[in-house]
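[1] Sequence plus the predicted model coming up.
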Amino acid sequence: MAKILIVEDELKIARFLELELKHEGYEVLIAQDGRQGLEKALKEMVDLVILDIMLPGLNGIEVCRRIRMESQVPIIMLTAKDDVSDKVAGLDTGADDYMTKPFAIEELLARIRVALNRKRSVAEPKNESLIIGELKINPASRTVFYKDDEIVLTKKEYELLEYLVRNRNMVVSREQLLNHVWDYEYFGDTNVVDVYVRYLRQKIDDKYGILLISTVRGVGYIIKDAQ
């Protein structure tokens, strides 16, 4: 599971975040000032940094700037004030996202999942095989196998499946799928996504008796890592 560094000088907030993240299964490190946070971010091989802007020692903007000189670890910045200049400064120095205090922990957790998934997608070689349980996708040849059986897919079916697998463990909306699979020029009804998901389910889920593609009502679809 991912290792997350919390750089936050308010102990109650740091402890709250630590408990919530550990409950989600993450490994958690805490730093209470900017210098300590910078040192841990660069030495502890963390997967994501939650970084407060207002910190003793070095402020969050400077910590972010220095991290970016050596690392591309995802950074989500926290600010106590809804100040556009703080947000712009954070993003300009390399932060991936920001949230304004007070915030809903559910939203922060969702943004963490997105940032970690994006990091994995970037790091994952585009032609390396993608594997979910017994399902194997070969991007180089655009072929799909379940165990030893080849699953014959149309171009759009394949592209839809590959996109969902590359974004595994993250809910992907119908609009996102339209944008990335049917491209930004497609202005049709999002029902086309549902139709193609049904095609994939017929060829994979129904045929092999598995639950590969799950529906998240009112949002979209998700493929989860095999447990």
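    Everything's here; your move. Numbering: from 1, shown residues only.
[2] Please verify my assumption that residue 222 contacts residue 214.
    Yes. Residue 222 is within contact range of residue 214, at 5.2 Å (criterion: CB atoms under 8 Å). Every C-beta, even on glycine, is put in place using the N, C-alpha and C of the backbone.
[3] Which one of the two is surrounded by more residues?
    Neighbours around residue 222 and residue 214, counted as other CB atoms under 10 Å, are more numerous at residue 222. The numbers are 16 against 11.
[4] can you give me the helices for this protein?
    11-23, 34-43, 60-68, 84-92, 105-123, 155-166, 174-181, 191-200, 206-208 (DSSP state H).
[5] Quick check: which of these is nearest to residue 134?
    Among the helices of the chain, helix 206-208 comes nearest to residue 134, with 7.7 Å by CB to CB.
[6] what's in contact with the closest one?
    Applying CB atoms under 8 Å, 6 or more residues apart in numbering, the contact partners of helix 206-208 are 134, 146.
[7] Just give the nearest non-adjacent residue to residue 117, would you?
    Sequence neighbours aside, residue 170 is the residue nearest to residue 117 in space, at 4.7 Å (criterion: CB to CB, 6 or more residues apart in numbering).
[8] For residue 102, see how far away the one you found is.
    25 Å (CB to CB, to the nearest Å).
[9] Mind checking which of the two has more residues around it?
    Neighbours per residue, other CB under 10 Å: of residue 170 and residue 102, the larger number sits with residue 170, 20 against 8.
[10] What confidence value was assigned to that one?
    Predicted confidence (pLDDT) for residue 170: 87.
[11] That one touches residue 111, doesn't it?
    No. If you go by CB under 8 Å, residue 170 and residue 111 don't touch, sitting 11.0 Å apart.
[12] In the least confident helix or strand in the chain by mean pLDDT, which residues are buried?
    Here the helix or strand of the chain ranked lowest by mean pLDDT, DSSP states H and E is helix 84-92, holding a mean of 76. Across helix 84-92, burial judged by 16 or more other CB atoms under 10 Å covers 86-87, 89-90.
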